[in-house]
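Novice: pasted the sequence and its predicted model underneath.
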Amino acid sequence: MNFKLISLALIGVTLFFLVLLPFFGSPYSLVLLSNIFMYVVLTVTWVMFCGPTGYISLATSAFFGAGIYTAAVISFKVPLLLTVLVGALISFFLALIIGIVSLRLKGIYFAMFTFGFVELLLHFLLWYETNITGTTGRVVLTLSNQTVYYMMLALAFVTIVFTQYLNNSRYGMALKSIGENEMASEHIGIDTAKLKILTYCVSSSFVGACGVVMATRWTYVDPKIAFNPLYSFIPIFMAILGGARKLYGPILGAIVFTYLQEILTTRIPYYYMLFFGLLMVFVITFLPEGIVGIIDRRLKTKIN
Amino acid sequence: MELLKVENLTKSFGGLLAIHKLSFIVKEGEILGLIGPNGAGKTTLFNLISGALKPDKGRIFFGDAKISGLRPHKICKMGISRTFQDVKVFPNMTVVENIALAATFARERIPTNEAQRLATDLLRFCGLIEVKNMLARDLSLVNQKRLEVARALATQPKLILLDEMMAGLNPTETLDAMRLVKAIRDRGCTVFIVEHVLRAIMNLCDRVMVLHYGEKIAEGTPEEVCSNPKVIEVYLGEKYAQN
Ligand SMILES: Nc1ncnc2c1ncn2[C@@H]1O[C@H](COP(=O)(O)OP(=O)(O)O)[C@@H](O)[C@H]1O
Ligand SMILES: [Mg+2]
């Protein structure tokens, strides 16, 4: 069995289907899939940096929010693609600031710092909007479902391809060595500071771009909507659910989680967070390697 | 020819003087031994040379270049490599991955096949061929120590710092390790070694330096150092002094 060929064929067929979907799919399927792509981007980028290095970033919502807010400020003035680029760049620089300032922080300190950064950004914007510009909210350009769908599909695709490329390069291995033993990693010639910061910046710029595109869904945003801390935590849940050891883990996690969320928010709107809480406890207790763990075990028993 | 020159090096932790006004040189091609009681500052000295710590005072030169103050990855790229007393292999990577990673990063743009060739060569050199595809965390202590050496050599150093690589090994393994140290020097790599196994130090080293509370109290051939009354008193203990 040629595993690689089969996976490639499967990916090709899926992509072909996804590209043609707007011609026969329902508007609802486009919206749902755009949502899934969004979470794929957020989760895969989170795992890109945090998976191998073991640094837990809680700043995803800062980068996502930066994208949303970029769209809110300039989406009517410049072409869409330029807005996406600007959102990505702003997130890149926010990540650069976090990276440089928190370079020496490890473990829980890094996590708390990134979380604090989101709050800082949110409250700065709130202060700025009320006291300087005097606006309480902003209108965002609305795009057709189809445009959002294609943008998100492209973004998810680029994110996945880039992550795969990174993981297979010597830098992927170097990132892993940082998680295993950062001191040893530095002493075999790896510029750990540069590698960490650069990876963090690049992964964050994908999140910023994602924020720009998804902002068009809200039509109206204010800093509290844009910098919702849930966007820092949900990708982590998804990564845990899927399993962060393989690239398809976070992708599967994002798909399953988003779909569940979609069903549950309509069926049991008041209890769905309770359900997710229980699911998380279950997964962490019994499936520490997530869905990837189950699939790997199945494959192994089959081979043996 | 001096390869490494340390001048007036001082490092303290809070009030504790770990290294105090230390000066010495490492000559090209030699095996220099470093001994001293626990807490004498040996590991701290290696941390200062390899860039893990920054000195409070003093300077370190490698060839003509001043390296004190540089970050570890830079110093590694210049040709100084080290092992760790508390083994720091990458536990969830295979043996060969540990080595290949060092080979690909220590020199700019080394082609993958050359890194692979170097890795294979080092697996053989350090006696790790049979375990090359095992995860580093599953290795025995002696093999983990060998892997540390192999990984350090994969950076193609001119000077290697070995920190207690024989601690915890049985006599046969110690003999193997001694042979390995000699072979490293014969490859053209200068060796600076910290060791508690005195027999190994006396056998291997061209010169020995003795550290006590961060200060150098003796330096010379193994014989000279062994017969130095100061060394006998502080390091070998009074038991030896009486005999
Ligand atoms: N990072 C550190 N912080 C504080 N004290 C340290 C640190 N590293 C070493 N020391 C202290 O410095 C002294 C020398 O330690 P070390 O260099 O490890 O000695 P050796 O390797 O010769 O046994 C010891 O007293 C040790 O407790
Ligand atoms: Mg020590």
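Specialist: Sure, I can see it. Residues are numbered from 1 along each chain as shown, chains lettered A, B, ... in the order given. Ligands and ions are numbered 1, 2, ... in the order given.
Novice: just give me the residue right at the centre of chain A.
Specialist: residue A:42 (0.9 Å; Cα atoms, centre = their mean).
Novice: got the CA coordinates for the lengthiest helix in chain B in CSV?
Specialist: Looking across chain B with DSSP state H, the single longest helix is helix B:171-186. Extracted in CSV, the C-alpha atoms of helix B:171-186 (Å, rounded to 0.1, in the frame of the first residue of the first chain):
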residue,chain,number,x,y,z
PRO,B,171,34.8,0.3,35.2
THR,B,172,34.4,-1.3,31.7
GLU,B,173,32.3,1.7,30.5
THR,B,174,34.8,4.1,32.0
LEU,B,175,37.6,2.4,30.0
ASP,B,176,35.6,2.7,26.8
ALA,B,177,34.9,6.4,27.6
MET,B,178,38.7,7.0,28.1
ARG,B,179,39.4,5.4,24.8
LEU,B,180,36.7,7.6,23.2
VAL,B,181,38.3,10.8,24.7
LYS,B,182,41.7,9.8,23.3
ALA,B,183,40.1,9.1,19.9
ILE,B,184,38.5,12.5,19.9
ARG,B,185,41.8,14.2,20.4
ASP,B,186,43.3,12.0,17.7
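Novice: contacts for that helix next, please.
Specialist: B:29-31, B:125-127, B:142, B:145-146, B:149, B:153, B:160, B:162, B:165-166, B:169, B:191, B:193, B:197, B:200, B:203-204 (Cβ atoms under 8 Å, 6 or more residues apart in numbering or on different chains). The way it works is simple: take the backbone N, C-alpha and C, and place the C-beta from them, glycine included.
Novice: OK, contacts around the residue nearest to the centre of chain A?
Specialist: Neighbours of residue A:42 in contact, by Cβ under 8 Å, 6+ apart: A:60, A:64, A:207, A:210, A:231, A:234-235, A:238, A:254.
Novice: which pLDDT does the model give it?
Specialist: Looking at residue A:42, its pLDDT stands at 97.
Novice: avg pLDDT for the longest helix of chain B?
Specialist: The average pLDDT for helix B:171-186 rounds to 95.
Novice: need the next SSE after that helix, C-terminal direction.
Specialist: Next in sequence after helix B:171-186, counting helices and strands by DSSP states H and E, comes strand B:190-194.
Novice: direction included, what does that following strand pair up with?
Specialist: strand B:31-35 (parallel), strand B:159-163 (parallel) (DSSP bridges).
Novice: the inter-axis angle of the longest helix of chain B versus strand B:159-163?
Specialist: Going by axes from the mean of the first three to the mean of the last three Cα atoms, to 10 degrees, helix B:171-186 is angled at 160 degrees with respect to strand B:159-163.
Novice: how about chain B: which residue is closest to ligand 2?
Specialist: residue B:43 (3.2 Å; Cβ to the ion).
Novice: my error: substitute chain A in the last question.
Specialist: For chain A, Cβ to the ion, closest residue to ligand 2: residue A:183, 14.6 Å.
Novice: what helix or strand is that residue located in?
Specialist: Assigned by DSSP H and E, residue A:183 belongs to helix A:182-187.
Novice: take that helix, keep the C-alpha atoms, and write them as PDB.
Specialist: Coordinates of each C-alpha in helix A:182-187 appear next as PDB, following Å, rounded to 0.1, in the frame of the first residue of the first chain:
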ATOM      1  CA  GLU A 182      16.100  24.600  25.100                       C
ATOM      2  CA  MET A 183      19.600  24.900  26.600                       C
ATOM      3  CA  ALA A 184      21.000  21.900  24.700                       C
ATOM      4  CA  SER A 185      19.300  23.300  21.600                       C
ATOM      5  CA  GLU A 186      21.200  26.600  21.900                       C
ATOM      6  CA  HIS A 187      24.400  24.800  22.500                       C
END
